[in-house]
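Chemist: show me how the following folds:
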Amino acid sequence: MANQYVDLETLKFLLYKVHGVQEVLDQERYADYDKESVDMLLNSVKDFSDKELFPYFREMDENPAHFKDGEIVVHPQVNKYMKAGGEMGFISGGFPYEDGGMQLPSMVVNASAFIQDAANNHLPGYIGLTVGAAELITHFASKELNETYVPKMLEGTWGGTMCLTEPQAGSSLSDIVTSATPNGDTYKIHGQKIFISGGDYVGSENIVHLVLARVKGAPAGTKGISLFVVPKKRPNADGSLSSNDVQTVTDFQKMGQRGYCTTHLFFGDKEDCQGWLVGEENQGLKYMFLMMNGARIAVGRGAAAIASAAYQASLNYANERAQGRQLTSTGKKDANQEQTLIINHPDVRRMLLLQKVVTEGSQSLVFLAAKYHDLSLSSADADVREKYNLLLEIMTPVVKTYPSEMGRVAVDNGLQVLGGYGFCADYVLQQYLRDIRISALYEGTTGIQSQDLLGRKITMNDGKALQLLSEEIQASIKAAMGHESLAPYAKKLGGKLALTQEVLQSLMGFAMKGDYQRFLADATPFMEFFSNILVGWLWLDIAREAQNALVTGSTENSTDFYESKIHAMQFYFKYELPKTTGLAEIIMDKQALTLNTDKKVFA
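Modeler: Numbers count the residues shown, from 1 in each chain. Have a look, this model is predicted:
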């Protein structure tokens, strides 16, 4: 298969036209960059990915990371990629100049990472977690910790992780028991963490762990959690490194993303593991959420990229595979005709179009969230910064969840396009399906994201974030009404906004009565309902921009390109958006069939 894992033309159309990265580049914070420099960067990332990422994608699955003689053995490209990540700015790209970064907009950083994710989703996580860990240090840790760790992390010499999960405390972080005992200027760390992505591997000079732990005497629950920098090796004054009593217990063997190691770590087996407090005691979870929110968007981006690569693979197959014959005007097949390419069969086209609307809609979600992040940082107006921060907050659980859940559906349809060959190891679709499955589990499961959306983000600031989002959608509807061909779709979307209010009024009745368990019982169907409408909004924007280009005679992309975007929007509004009607019926039904009662429903 050729290097057809990403559609760079669509990526740039979404970045430059649909989401207007120029508005971000016009901010003083990003004044050093323009469209030409961004274009050069993205083209160089694609060239690099063609040579150093995509060719190793299947090889890393066939030769997975594994535990041997007390260490994690990974593919040689992991260390090569980390070094290149430092040299090419993949790690430092989004950091401010004062922290040694390139101060690139998040939109550009995410576009670059999307290409890498699509080329080989087993590798970018090593860099992504290093970025997140370094960000926490720069935001909340002391100057000394910054100077000790961040430069090495940004240059790719040292990796980074976040260590939250424990065997007895998965998503329930209030139950963590890893301890931190004051020991002069440091703390003695003792405990274990599991499912630590990129937690250790042969060839890494050092791994800097950001560890959640509980100081003796701290309040119970999440209010008593602190955050510590706990390196695998302690830096000495002379620049050398000493063991810090961080032991790798094993590497989890997984169904997908097998080249991305997932470790079990033990801290302080010999009572000699030192940690350095980040910020203040008992504020660790608040600090960690900075990294977790960024990680959630990265998970959604990765899922969108896997779905994109799978779409390219199945589209390529459909354009080459001849099978069956088309029906004649008599409703029968002519056996004398040559076999037709399967892309000519309506059901195959339906599956391919489903992949297209999910992958490009997901990509659009990621870029929009990145734009909100950029404007929340760079606007000179405090009220504008607050507006975009609220929009980012309400979008984050959706950006993480929709590509993860619907991306899996898209890849599954891509496998179906190949028929029996899709189930065979000779073809790559089965690997994409295995790889994407983790996305709905990473960084808070779909159920957790759904409860966050409905229980926190919808209601935050008396519904202010939802109000702002509704205003954004209404503005898009008004703009689309300017094109006669798009007006019917704009009206449909307006109807779905009204339906959203009806659904929320129904649910809020439970919250107002204090029945929060019932209020959140159908949070996951609500996530599906809400996400479906948001992606419909983004497809309307994509179609409007394409229609504008056709009306003005733009030659930046071909007529076929623009018309394909409008056709995809029409497909979404016919096949996907109507699903919200059934979901609304489910959510507003007064029966509570999933709540735990005395009734033995599983007898």
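Chemist: which residue packs closest to Ser174, ignoring adjacent ones?
Modeler: Gly221 (4.1 Å; C-beta to C-beta, 6 or more residues apart in numbering). The way it works is simple: take the backbone N, C-alpha and C, and place the C-beta from them, glycine included.
Chemist: per-residue pLDDT of that neighbour, please?
Modeler: Gly221 is assigned 88 on the pLDDT scale.
Chemist: so how many other residues sit close to it?
Modeler: 13 (other C-beta atoms under 10 Å).
Chemist: the strands in the stretch 101-250 of the chain, which residues?
Modeler: Assigned by DSSP state E, counting those that start in this stretch, the stretch 101-250 of the chain shows strands spanning 158-163, 179-183, 186-197, 206-215, 226-231, 233-235, 241-243, 246-251.
Chemist: any idea of the mean pLDDT for the fourth one?
Modeler: Averaging pLDDT along strand 206-215 yields 97.
Chemist: please apply the same query to the fifth one.
Modeler: Per-residue pLDDT over strand 226-231 has a mean of 98.
Chemist: so what touches it?
Modeler: Strand 226-231 is contacted from outside by 136-137, 140-141, 145, 149, 158, 163, 180, 187, 189, 206-215, 218, 244, 246, 267, 273-285, 287-288, using C-beta atoms under 8 Å, 6 or more residues apart in numbering.
Chemist: now stretch 427-434 - C-alpha only, PDB.
Modeler: C-alpha atoms of stretch 427-434 as PDB (Å, rounded to 0.1, in the frame of the first residue of the first chain):
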ATOM      1  CA  TYR A 427      -4.500  -6.600   5.100                       C
ATOM      2  CA  VAL A 428      -4.100  -3.600   7.500                       C
ATOM      3  CA  LEU A 429      -7.800  -2.900   8.400                       C
ATOM      4  CA  GLN A 430      -7.800  -5.500  11.200                       C
ATOM      5  CA  GLN A 431      -4.900  -3.700  12.800                       C
ATOM      6  CA  TYR A 432      -6.500  -0.300  12.600                       C
ATOM      7  CA  LEU A 433      -9.600  -1.900  14.200                       C
ATOM      8  CA  ARG A 434      -7.500  -3.300  17.000                       C
END
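Chemist: pull out the buried positions in it.
Modeler: 427-434 (16 or more other C-beta atoms under 10 Å).
Chemist: swap in stretch 276-284?
Modeler: Buried residues in stretch 276-284 (16+ other C-beta under 10 Å): 276-279, 281-284.
Chemist: likewise for stretch 567-579?
Modeler: 568-573, 576-577.
Chemist: next one: that stretch to chain centre, how far?
Modeler: Remark: stretch 567-579 is offset 23 Å from the chain centroid, using C-alpha atoms, centre = their mean, to the nearest Å.
Chemist: which residue ranges of the stretch 251-400 of the chain form helices?
Modeler: Along the stretch 251-400 of the chain, counting by DSSP state H, counting those that start in this stretch, helices occupy 284-318, 346-378, 382-417.
Chemist: dump the buried residues of stretch 276-284 into a markdown table; add pLDDT and distance to Leu507 as well.
Modeler: Output for the buried residues of stretch 276-284, formatted as a markdown table (pLDDT from 0 to 100; distance: C-beta to C-beta, whole Å):
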| residue | pLDDT | distance to Leu507 |
| --- | --- | --- |
| Trp276 | 98 | 44 |
| Leu277 | 98 | 41 |
| Val278 | 97 | 38 |
| Gly279 | 96 | 37 |
| Glu281 | 95 | 38 |
| Asn282 | 95 | 33 |
| Gln283 | 94 | 32 |
| Gly284 | 93 | 32 |
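Chemist: taking the buried residues of stretch 427-434 together, which two end up most distant?
Modeler: Tyr427 and Arg434 (12.6 Å; C-beta to C-beta).
Chemist: just to revisit the earlier point, turn the strands of the stretch 101-250 of the chain into CSV, columns for mean neighbour count.
Modeler: Converted to CSV, these look like this (neighbours: other C-beta atoms under 10 Å):
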stretch, mean neighbour count
strand 158-163, 27
strand 179-183, 17
strand 186-197, 21
strand 206-215, 24
strand 226-231, 26
strand 233-235, 18
strand 241-243, 13
strand 246-251, 19
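Chemist: CSV for those, including distance to Phe423?
Modeler: Putting the strands of the stretch 101-250 of the chain into CSV (distance: least, C-beta to C-beta, whole Å) gives the following:
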stretch, distance to Phe423
strand 158-163, 35
strand 179-183, 48
strand 186-197, 28
strand 206-215, 37
strand 226-231, 44
strand 233-235, 45
strand 241-243, 47
strand 246-251, 27
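Chemist: wait, which of these is closest to Met351?
Modeler: Closest among these, using C-beta to C-beta: strand 186-197, at 31.6 Å.
Chemist: contact partners of that closest one?
Modeler: Here strand 186-197 makes contact (C-beta under 8 Å, 6+ apart) with 125, 129, 161, 163-167, 176-181, 199, 209, 211, 213, 215, 228, 230, 249, 252, 260-268, 271-277.
Chemist: using CSV, list the CA coordinates for it.
Modeler: Taking Å, rounded to 0.1, in the frame of the first residue of the first chain, the C-alpha atoms of strand 186-197 are listed here in CSV:
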residue,chain,number,x,y,z
THR,A,186,12.0,15.7,49.1
TYR,A,187,9.4,13.0,49.8
LYS,A,188,9.9,9.2,50.0
ILE,A,189,7.5,7.7,47.4
HIS,A,190,6.0,4.2,47.9
GLY,A,191,3.4,2.4,45.9
GLN,A,192,2.6,1.0,42.4
LYS,A,193,1.0,2.4,39.3
ILE,A,194,-0.4,0.4,36.3
PHE,A,195,-1.3,1.1,32.7
ILE,A,196,1.6,3.6,32.4
SER,A,197,2.0,4.4,28.7
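Chemist: partners of that strand, with directions?
Modeler: Its sheet considered, strand 186-197 pairs with strand 179-183 (antiparallel), strand 262-267 (antiparallel), strand 274-277 (antiparallel) by DSSP bridges.
Chemist: enumerate the positions of the longest one that are buried.
Modeler: In this case it means strand 262-267. 262-267.
Chemist: just the CA coordinates for that strand, please, in PDB.
Modeler: C-alpha atoms of strand 262-267 as PDB (Å, rounded to 0.1, in the frame of the first residue of the first chain):
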ATOM      1  CA  THR A 262       2.200   0.000  28.700                       C
ATOM      2  CA  THR A 263       4.000  -0.600  32.000                       C
ATOM      3  CA  HIS A 264       3.400  -1.600  35.600                       C
ATOM      4  CA  LEU A 265       5.800   0.400  37.900                       C
ATOM      5  CA  PHE A 266       6.700   0.000  41.500                       C
ATOM      6  CA  PHE A 267       8.100   3.000  43.400                       C
END
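Chemist: done for today, thanks.
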